[in-house]
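Asker: Build me a model from this:
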Amino acid sequence: MYELTRKALIICICLLLSKVMHLTASVYVVLFSVVLATASFSSHIVHLLKVLAPSVFATLVAVLINNLFSEHPFIIWTVVLVYFDFVRRRANTNLRIRMATLPLFMIIFITIYFNSSAYHASIPVILRGVISATFLSAVVASAVNHLMPVRIKPPMPQIIEQPVTGADRLKMLVLVGVGLAFIMINEITSAVFCLVPLVTSAMQPTHSTMKNHSREKILSQVGGCSLAIVVSVLWSGTETNLFAYFVVSFLLIYLLLYWSHYAEPGDRAIHADALMGFLIPYQLYVATNGDSYGLQSIFLRAFELVVALLLIYVVAHWLDHIEVTRKQPKPQKPLAS
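Answerer: Below you'll find the predicted structure:
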């Protein structure tokens, strides 16, 4: 209970300060606060900033590359794919795959928004939001960890080797390349979050785990959107009262952390991902769109996630079927008499 309270306070205070400070890129506050609350247990600001440094560095490099080749989207797309292949080739353990996810998302986010006619001018604001969210999350996490020191650090996760083959790299390039090109060409900026489960699914070691991963993402991400819809309807208007917003947010975050902590080992990944699946639409859309309560944006996000994840599942099922068929021994022809 102590550890769950500490984590919930870090996330909830960050969300509250994001509302108070009117940060335009509040999604980064959600991402960074969850990372620091669940994956970092230090009270030193320098160490906490080091945890987020790869994501910030990836954002800055993405802005630089997009500015250098702003007139050539194809070159930008090619550079992004080359870097993704570079990362995939070196992500040969489960820990490296997890550490690479957030920086890759930041690159995707900047690339899509930079090449969107509607959001191109907001890139400087987004960049300031990333930097502000980084320092805000680190300061809040450091303060909470000083007031509530970590009593028992969880054991280090077991490192599992996952050799990367040429087929794995090709699968990553095709899935991410097609998805990124489709969104860049059609400027569907609302679907940028759909590329995150696409990236994590493409980095799974086998096609069967890729199928299971996409199925779990449907449950966690769409389930998180469903919970955000329920909260938006039940608590509509309370977010304008900061005290009510803090209390409701803390209780919801604590409940999700509690479910994740006491879930069965096979279901913990779903519950942990549901926290992010709920917090992103909750922070971005709830009580920010007048009388609609953000329902239209949440429904759109859920629909796009369902479409993307079903496509990933179909591709994984098809690849798994081909692999199983190839491994089956071919029937021998009867000898001629």
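Asker: All the helices of the stretch 1-150 of the chain, in order from the start?
Answerer: Here the stretch 1-150 of the chain has its helices, by DSSP state H, counting those that start in this stretch, at 2-20, 26-39, 45-68, 73-90, 94-114, 123-147.
Asker: Turn the ones you listed into JSON lines, including mean neighbour count, distance to residue 244 and mean pLDDT.
Answerer: All C-beta atoms are positioned from the backbone trio N, CA, C, and that covers glycine. Compiled in JSON lines, the helices of the stretch 1-150 of the chain are given as follows (neighbours: other Cβ atoms under 10 Å; distance: least, Cβ to Cβ, whole Å; pLDDT from 0 to 100):
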{"stretch": "helix 2-20", "mean neighbour count": "20", "distance to residue 244": "11", "mean pLDDT": "83"}
{"stretch": "helix 26-39", "mean neighbour count": "23", "distance to residue 244": "18", "mean pLDDT": "83"}
{"stretch": "helix 45-68", "mean neighbour count": "17", "distance to residue 244": "29", "mean pLDDT": "88"}
{"stretch": "helix 73-90", "mean neighbour count": "16", "distance to residue 244": "42", "mean pLDDT": "88"}
{"stretch": "helix 94-114", "mean neighbour count": "20", "distance to residue 244": "31", "mean pLDDT": "85"}
{"stretch": "helix 123-147", "mean neighbour count": "19", "distance to residue 244": "20", "mean pLDDT": "86"}
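Asker: mind putting these in CSV, distance to residue 326 included?
Answerer: Below are those laid out as CSV (distance: least, Cβ to Cβ, whole Å):
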stretch, distance to residue 326
helix 2-20, 45
helix 26-39, 39
helix 45-68, 37
helix 73-90, 23
helix 94-114, 26
helix 123-147, 45
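Asker: just so I know, which of the ones you listed lies nearest residue 206?
Answerer: For residue 206, the closest of the helices of the stretch 1-150 of the chain is helix 94-114, at 12.9 Å, according to Cβ to Cβ.
Asker: what sits against residue 115?
Answerer: Neighbouring residues of residue 115 by Cβ atoms under 8 Å, 6 or more residues apart in numbering: 66, 73, 76, 184, 187.
Asker: isn't the second one right next to residue 183, touching?
Answerer: When you say that, I think you mean residue 73. No: Residue 73 is not in contact with residue 183 according to Cβ atoms under 8 Å; the separation is 11.5 Å.
Asker: Okay, now the unreliable bits of the stretch 151-300 of the chain?
Answerer: Low-confidence segments of the stretch 151-300 of the chain, defined by pLDDT under 70: 153-155, 157, 236-240, 263, 265-268, 287-293.
Asker: what's the neighbour count on residue 303?
Answerer: Burial of residue 303, expressed as a neighbour count using other Cβ atoms under 10 Å, amounts to 14.
Asker: actually residue 270, not the one I typed
Answerer: Using other Cβ under 10 Å as the criterion, the residues surrounding residue 270 number 21.
Asker: cool, residue 195 as well?
Answerer: Under the neighbour criterion other Cβ under 10 Å, residue 195 is assigned a count of 23.
Asker: Mind giving me the packing neighbours of the strand or helix carrying it?
Answerer: Per DSSP states H and E: residue 195 is located in helix 195-202. Contact partners of helix 195-202 among helices and strands, from 3 or more Cβ pairs under 8 Å, 6 or more residues apart in numbering; DSSP states H and E: helix 94-114, helix 166-186, helix 207-217, helix 295-327.
Asker: Report the inter-axis angle for the first one versus helix 26-39.
Answerer: Here the directions of helix 94-114 and helix 26-39 differ by 170 degrees (axes from the mean of the first three to the mean of the last three Cα atoms, to 10 degrees).
Asker: Also the shortest one?
Answerer: When the same axes, to 10 degrees is applied, the directions of helix 207-217 and helix 26-39 differ by 110 degrees.
Asker: And helix 207-217, how far out from the chain middle?
Answerer: Helix 207-217 sits 16 Å away from the centroid of its parent chain (Cα atoms, centre = their mean, to the nearest Å).
Asker: Is it correct that residue 323 is in contact with residue 210?
Answerer: No: between residue 323 and residue 210 no contact is recorded; they are 11.1 Å apart, counting by Cβ under 8 Å.
Asker: Compare the two and say which one has the larger neighbour count.
Answerer: A count of neighbours by other Cβ under 10 Å puts residue 210 above the other of residue 323 and residue 210, at 24 against 13.
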